[in-house]
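A.B. asks: here are the coordinates; sequence isn't available:
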């Protein structure tokens with residue numbers, strides 16, 4: 001009887017240790033996946049960060065006509081380009 005109990009005890013210990021090793025393997029693979037995902041998230045966050053306005057060296061308004069900053073081409077005093085206005089044809093004078 002003592003031999004049978006010891007055999008059952010060893011079988012249970014073997015099953016428990018096998019189960020524990022499988023769980024440890026799954027936990028380690030999951031932790032590795034989590035680390036890889038965190039690395040991806042960090043890379044995405046770094047790429048999405050916009051530069052602060054302090055680091056910009058030029059004004060955001062730039063004229064494509066004269067090249068100076070501070071106004072757009074439609075407001076350029078040197079180019080003489082007037083901004084185009086689109087009117088509704090019904091509101092024109094002299095037309096039906």
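C.D. replies: Ah, there it is. Just so you know, these numbers come straight off a predicted model, no measurement behind them.

A.B. asks: okay, CA-based contacts and neighbour counts for the rest of this
C.D. replies: Noted.

A.B. asks: Might one say that residue 70 is in contact with residue 61?
C.D. replies: Yes - Residue 70 is in contact with residue 61 according to Cα atoms under 8 Å; the separation is 5.0 Å.

A.B. asks: Now do the helix or strand hosting residue 33, average pLDDT.
C.D. replies: Taking DSSP states H and E as the criterion, residue 33 maps to helix 2-48. Mean pLDDT, helix 2-48: 89.

A.B. asks: How about stretch 68-80?
C.D. replies: Per-residue pLDDT over stretch 68-80 has a mean of 78.

A.B. asks: What are the buried residues along that stretch?
C.D. replies: Under the neighbour-count criterion of 16 or more other Cα atoms under 10 Å, stretch 68-80 has 71-73, 76 buried.

A.B. asks: before we move on, what about stretch 37-53?
C.D. replies: When neighbours are counted by 16+ other Cα under 10 Å, no buried residue of stretch 37-53 is found.

A.B. asks: my guess is residue 63 meets residue 78, correct?
C.D. replies: No - judged on Cα under 8 Å, residue 63 makes no contact with residue 78 at a distance of 10.3 Å.

A.B. asks: gap between residue 10 and residue 16?
C.D. replies: From residue 10 over to residue 16 the distance is 10 Å, taken as Cα to Cα, to the nearest Å.

A.B. asks: Now residue 64. Nearest residue, chain neighbours left out?
C.D. replies: Closest residue to residue 64 apart from its sequence neighbours, by Cα to Cα, 6 or more residues apart in numbering: residue 73 at 5.7 Å.
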